[in-house]
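> Got a sequence here, can you model it:
(2 chains)
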Amino acid sequence: WELHVAERCKREFHNLQELRHNASLVTKVFVQRDYTEGTVCRFQAKFPSELDNRIERTLLEETVKTLNSYYVEAEKIGGQSYLEGCLACATAYIVFLCMETRYEKVLKKISGYIHEQNEKIYAPRGLLLTDPVERGMRVLEISVFEDRGSGSSSPSSSMSSAGSSAR
Amino acid sequence: MNNCEYQQIDPRTLPTPTPTPHHGPVGDRPEEPKGKPSRKWHVFPGKNRFYCDGRIMVARQSGVLPLTLGLILITSGLFFIFDCPFLVKHLTSCIPVIGGFLFVFVVITLLQTSFTDPGILPRATPDEAADIEKQIDNTGNTSYRPPPRTKEVVINQQVVKLKYCFTCKMFRPPRTSHCSLCDNCVERFDHHCPWVGNCVGKRNYRFFYTFIVSLSFHTAFIFGCVTTHLSLRAQGGKGLVFALQESPGRYPLPLTAVELVICFFSVWSILGLSGFHTYLVASNLTTNEDIKGSWSGKSGEDVTNPYSQRNIFVNCCSVLCGPMPPSLIDRRGFLPADESVQTAGADIELPDLANKSEINVVGGPSQLAPPSPAPPSSQNNSSSA
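The predicted structure follows:
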């Protein structure tokens, strides 16, 4: 049993490449943009019904809420963005070729966050988040895999809960 | 153990998959994996041209950009060659400095406007398109019907209609419009400017605005200098025509006339355009919205611009000094072969033959669980690997 638990821990750490190498893609679920606050980047907090038995509602909502807060930070119009804008204008915007903008820095943070969420939460449940920037910021794409190595979805969820309790 | 290290899937080592049939119409994205890795701009579906391996992009019809550049270069060149020496001698040596600064500013902002991605939205992947069609078509009718054309959202207590773009297969975000010349959906679409040879949208509006404002200063400056030059020459002699004809051989009449005419017409038109765009910036409108009268209440309803912050200064700052959004189309990224596999929309089995050793290592615990039969659909597609 202990050998099994240890192997599960090791396995969960490498779940991302396992998904890609073992599992087969069942479907993709899309979380659409929420335009009620204008053109700022924001995703709907509505929980897709296809994921009802794959992941807890609160986990996905937490991820979407954190992503939305990152985008708010990226698009915030405040002192720093004014400084960046005025400096750029004064240099005929050449500075954009040399410097990484604040938006790009936040996008890097987002990509790291999504990778971390995939490793910790989504891959053990046979799901994979795609960074919205790779889909033109239109959707948050969630790929749903059926893990063929461990059988159907119910054993994998029981194994993931065993693994998470062992952590 | 070292087989378990996380490795990025290298698209160059994945075998070329045989194309699987898609359901429904797909966008015109020719995905042809070649022997050597190709960049994404090779298969970009819009009507754009790329140079420097994807670093520079322009619309396919570059319009009159060469004419614009030519006019600016010729007029400025004539100014520096003929007017500056006289004015430096008789007025001040600041003149060429200011003129030079303005000239450089104008050319740089013009090139940035022309060569920057205006905010093109990449087209929806086949999976997304299918998902949208499924959401709309919930009667379960499987025959292909065009989806309804609009969806409504409420933004700041204003009802905004989002249109479905049949080319890009998605509902356009607010303020996005499809440019037929470039065949792209562009965010915060202002207009397609033939003088600049590109669309003006979210990402390059500030460059465009800076270009026309600096160009109006530049043409006004040259116009002022030319008239000062001619009036100074005329003062010393017998009138304007004599001043024009007076030649140290280097000041022929036709060239002066050319400068004056170009500057005269440019000043009025460019100044007018700058004024118009200053009004748009102050009210956070786009040319597209202004022309269509989206928020002017023509239909009699009480409509206001939901994007305006009701404060001129805040509007200007948010349009011109806001954060610079990144380009969404990733021109220089490599085409990953596994992406073209997954967009087929069916169950795909990524090749695991090369990674047998990995399966053995991690397959240990799975043997404790009863093996279940693999889904039949993935068996059919295993030949694609």
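> Can you get me a residue count around residue A:40?
14 (other CB atoms under 10 Å in any protein chain shown). Every C-beta, even on glycine, is put in place using the N, C-alpha and C of the backbone.
> just checking, it touches residue A:72?
Yes. Between residue A:40 and residue A:72 there is a contact under CB atoms under 8 Å: 7.0 Å.
> can you give me the helices for the chain?
This is for chain A. With DSSP state H as the criterion, chain A has helices at A:2-13, A:15-22, A:57-74, A:79-90, A:95-98, A:102-117, A:153-166.
> my bad, chain B
For chain B, helices defined by DSSP H occupy the ranges B:65-78, B:84-90, B:94-115, B:126-136, B:205-236, B:240-245, B:253-282, B:287-292, B:312-320, B:337-342, B:356-366, B:376-381.
> and residue 163, what pLDDT?
Looking at chain A here, since you left the chain open. We have a pLDDT of 43 for residue A:163.
> let's do chain B instead
pLDDT, residue B:163: 88.
> Ok, residue A:69 next?
Listed pLDDT for residue A:69 reads 93.
> now do residue B:306
pLDDT at residue B:306 comes out at 82.
> Can you give me the distance of it to chain A?
Distance, residue B:306 to chain A, using CB to the nearest CB, to the nearest Å: 7 Å.
> ok, that residue to residue A:51 distance?
Using CB to CB, to the nearest Å, residue B:306 is found at 32 Å from residue A:51.
> Count the neighbours of residue 104 for me.
Since you didn't name a chain, this refers to chain A. Other residues close to residue A:104 by other CB under 10 Å number 14.
> My question was about chain B, not that one.
Counted with other CB under 10 Å, the neighbours of residue B:104 add up to 13.
> what do you get for residue B:228?
If we define neighbours as other CB under 10 Å, then residue B:228 has 16 of them.
> Was I right to think it contacts residue B:95?
No. Residue B:228 is beyond contact range of residue B:95, at 9.2 Å (criterion: CB under 8 Å).
> shared neighbours of those two, anything?
Both residue B:228 and residue B:95 are in contact with residue B:87, where contact means CB atoms under 8 Å, 6 or more residues apart in numbering or on different chains.
> Now residue A:37: closest residue in space that isn't a chain neighbour?
When the adjacent residues along the chain are set aside, residue A:37 lies closest to residue B:155, with 7.1 Å between them (CB to CB, 6 or more residues apart in numbering or on different chains).
> Excluding sequence neighbours, find me the nearest residue to residue 71.
No chain in the question, so chain A it is. Distance criterion CB to CB, 6+ apart; nearest residue to residue A:71, sequence neighbours excluded, is residue A:41 at 4.1 Å.
> that's the wrong chain, I meant chain B
Excluding its sequence neighbours, the residue lying closest to residue B:71 (CB to CB, 6+ apart) is residue B:262, at 6.3 Å.
> what's the one you found in contact with, if anything?
Neighbour list for residue B:262: B:71, B:74, B:75 [criterion: CB under 8 Å, 6+ apart].
> separation between residue B:224 and chain A?
According to CB to the nearest CB, residue B:224 and chain A sit 22 Å apart.
> these two touch, right, residue A:89 and residue B:206?
Yes. Taking CB under 8 Å as the definition, residue A:89 is a contact partner of residue B:206 at 7.4 Å.
> Look at the two and report which has more neighbours.
Set residue A:89 next to residue B:206 and count neighbours by other CB under 10 Å: residue B:206 wins out with 22 against 18.
> That one and chain A, how far apart?
Taken as CB to the nearest CB, the span from residue B:206 to chain A is 7 Å.
> what's near enough to touch the residue most central in space within chain A?
Among the residues of chain A, the one closest to the centroid is residue A:114, at 3.4 Å (CA atoms, centre = their mean). Residues in contact with residue A:114 (CB under 8 Å, 6+ apart) are A:67, A:129, A:131.
> One more: residue B:173?
Contacts for residue B:173 (CB under 8 Å, 6+ apart) come out as A:33, A:35, A:39, A:138, B:121, B:162, B:187.
> Among the residues you listed, find the lowest-pLDDT one for me.
Confidence by pLDDT is poorest for residue A:39 among the contacts of residue B:173, given 84.
> In chain A, what residue comes closest to chain B?
Residue of chain A nearest chain B, by CB to the nearest CB: residue A:85 (3.0 Å).
> Find the residue closest to that residue in space, skipping its chain neighbours.
Going by CB to CB, 6+ apart, residue A:85 has residue B:321 as its nearest residue, at 3.0 Å.
> Any regions of chain A where pLDDT drops low?
A:1-22, A:147-167 (pLDDT under 70).
> quick revisit: looking at the helices of chain B, which is closest to residue A:143?
With CB to CB as the criterion, residue A:143 lies closest to helix B:337-342 of the helices of chain B, at 7.9 Å.
> intersection of neighbour lists for residue A:89 and residue B:206?
Shared contacts of residue A:89 and residue B:206, defined by CB under 8 Å, 6+ apart, are found at residue B:320.
> Poorly predicted segments of the stretch 51-200 of chain B, please.
In the stretch 51-200 of chain B (pLDDT under 70), the answer is B:137-148.
> Within range of chain A, give me the residues from it.
Neighbours of chain A within the stretch 51-200 of chain B, by CB under 8 Å from any CB of the partner chain: B:104-105, B:108-109, B:112, B:121-122, B:124-125, B:127-128, B:131, B:153-156, B:160, B:162, B:170, B:173-175, B:187-188.
> Report the buried members of those.
Neighbour-count burial (16 or more other CB atoms under 10 Å in any protein chain shown) is assigned, among these, to B:105, B:108-109, B:112, B:121-122, B:124-125, B:127-128, B:131, B:153, B:155, B:160, B:162, B:170, B:173-175, B:187-188.
> Which residues are in contact with residue A:104?
Residue A:104 neighbours (CB under 8 Å, 6+ apart): residue B:326.
> So what's the residue count around the residue nearest to residue A:85?
The number of residues near residue B:321, taken as other CB under 10 Å, comes to 19.
> Tell me how many other residues crowd residue B:46.
Residue B:46 has 21 neighbouring residues, counting by other CB under 10 Å.
> My error: substitute residue A:49 in the last question.
That count, for residue A:49 with other CB under 10 Å as the rule, works out to 8.
> and the gap between it and residue B:135?
Counting by CB to CB, the gap from residue A:49 to residue B:135 is 12 Å.
> thinking again about what came up before, of the contacts of residue B:262, buried ones?
So, by 16+ other CB under 10 Å, the buried ones in those are residue B:75.
> Would you mind splitting chain B into its domains for me?
Using automatic domain parsing, the domain parsing of chain B gives B:49-121+B:189-300+B:311-320, B:126-172.
> just those domains: most buried one?
Across the domains of chain B, averaging neighbours per residue (mean count of other CB atoms under 10 Å in any protein chain shown) puts domain B:49-121+B:189-300+B:311-320 on top, at a mean of 17.
> Where does the prediction get shaky in the stretch 201-350 of chain B?
For the stretch 201-350 of chain B, the ranges with pLDDT under 70 are B:236-254, B:297-302, B:336-350.
> Pull the contacting residues for residue 47.
Went with chain A since none was named. Shown in contact with residue A:47 (CB under 8 Å, 6+ apart): A:57, A:60, A:61.
> hm, I was asking about chain B
By CB under 8 Å, 6+ apart, the contact set of residue B:47 is B:59, B:60, B:61, B:181, B:182, B:183, B:184.
> Skip the chain neighbours and tell me the closest residue to the third one.
Which is residue B:61. Per CB to CB, 6+ apart, closest to residue B:61 is residue B:181, 6.0 Å.
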